[in-house]
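**Student:** Sequence first, predicted coordinates after that:
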Amino acid sequence: MKRLSLAVDLRKLGKGESRRIRREGLIPGIVYGKDIENIPVKVAKKNFYDIISKAGRNALIDLTVNGVTYPVLIKEVQNHYLKNDVVIHVDFQKISLNEEITANVPVRVIGEGIIETKGWVISYQLRELEIECLPDRLPEFIDIDVTNLTVGDSVKVKDLKLPEGIKVTEDPEDVILSIIEPEIEETTEEAEEGEQATV
């Protein structure tokens, strides 16, 4: 994974401070880790959204705070309870680049359009997978190619072809997705006949 850079500023703590920061177009946050004290920070919305758009929420970031740079991951993002696309707080976790981490990575399907043109449906049992790897190997997505699948086929964890150094912690027999026929709704006429038959 490509490492991205992000500069943030220190922020004050106190009642109403977070609201003031948000009014200025900034997002309040915190940087923490097992070998550092918690650091309250604020980050420009545009800069943070640029990171998300480029690498998703599993981005490996060189975060600069007050002249010091830390390797971090975005550990938690809090969204506005009414506006889900508005971030109101972010947690950055300082990590060691030499220690494996655990993260949830979303599944991305390749060839979904082909399945749809055949009138079939992809049924998801798992939308994301928990993986273990070194931070610099953390993928943005786990890709699954369904181009050559047909109705009745499924993809299990054990079927995945993953890059070296990436391990999925889920049960190998867990089904991630299946290809199924769409459910056919009974017509209004059939429904009415059924109702009359039960009177």
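**Tutor:** Structure's in. What do you need?
**Student:** can you tell me which helix or strand G113 belongs to?
**Tutor:** helix 112-117 (DSSP states H and E).
**Student:** Show me how far that helix is from its chain's centre.
**Tutor:** 23 Å (CA atoms, centre = their mean, to the nearest Å).
**Student:** This protein: strands as residue ranges?
**Tutor:** Ranges of strands in the chain, per DSSP state E, are 4-10, 26-33, 36-44, 60-65, 68-79, 87-94, 101-110, 121-124, 128-133, 142-145, 154-156, 167-168, 175-180.
**Student:** So which elements touch the longest one?
**Tutor:** To tie it back to what came earlier, the one meant is strand 68-79. Using 3 or more CB pairs under 8 Å, 6 or more residues apart in numbering; DSSP states H and E as the contact test, the elements touching strand 68-79 are strand 26-33, strand 60-65, strand 87-94. To be clear about C-beta, it is placed using only N, CA and C from the backbone, and glycine gets the same treatment.
**Student:** now the fourth one
**Tutor:** Contacts defined by 3+ CB pairs under 8 Å, 6+ apart place strand 60-65 against strand 4-10, strand 68-79.
**Student:** Which one of the strands of the chain lies nearest to G16?
**Tutor:** strand 26-33 (11.4 Å; CB to CB).
**Student:** can you give me the angle that closest one makes with strand 87-94?
**Tutor:** Counting by axes from the mean of the first three to the mean of the last three CA atoms, to 10 degrees, strand 26-33 lies at 20 degrees to strand 87-94.
**Student:** List the neighbours of strand 26-33 that are in contact with it.
**Tutor:** Applying CB atoms under 8 Å, 6 or more residues apart in numbering, the set of residues contacting strand 26-33 from outside is 8, 11, 17-18, 21-22, 38-45, 48, 63, 65, 70, 72, 87-95.
**Student:** List the strands paired with that strand, with their directions.
**Tutor:** Pairing partners of strand 26-33, with direction, according to DSSP bridges: strand 36-44 (antiparallel), strand 87-94 (parallel).
**Student:** Domain parsing of this structure, as residue ranges.
**Tutor:** Following automatic domain parsing, the chain resolves into domains at 4-95, 102-180.
**Student:** can you give me the offset of the longest one from its chain's centre?
**Tutor:** By that I understand domain 4-95. Worked out by CA atoms, centre = their mean, domain 4-95 lies 17 Å from the chain centre.
**Student:** gap between the two ends of it?
**Tutor:** 15 Å (CA to CA, to the nearest Å).
**Student:** next one: stretch 73-87
**Tutor:** Stretch 73-87 has an end-to-end distance of 16 Å (CA to CA).
**Student:** Pull out the buried positions in it.
**Tutor:** Within stretch 73-87, the residues that count as buried by 16 or more other CB atoms under 10 Å are 73-75, 87.
**Student:** OK, contacts around V155?
**Tutor:** 144, 146, 149, 175-178.
**Student:** Adding distance to E130, write the buried residues of stretch 73-87 out as CSV.
**Tutor:** Shown next, in CSV, are these (distance: CB to CB, whole Å):
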residue, distance to E130
L73, 14
I74, 16
K75, 15
V87, 23
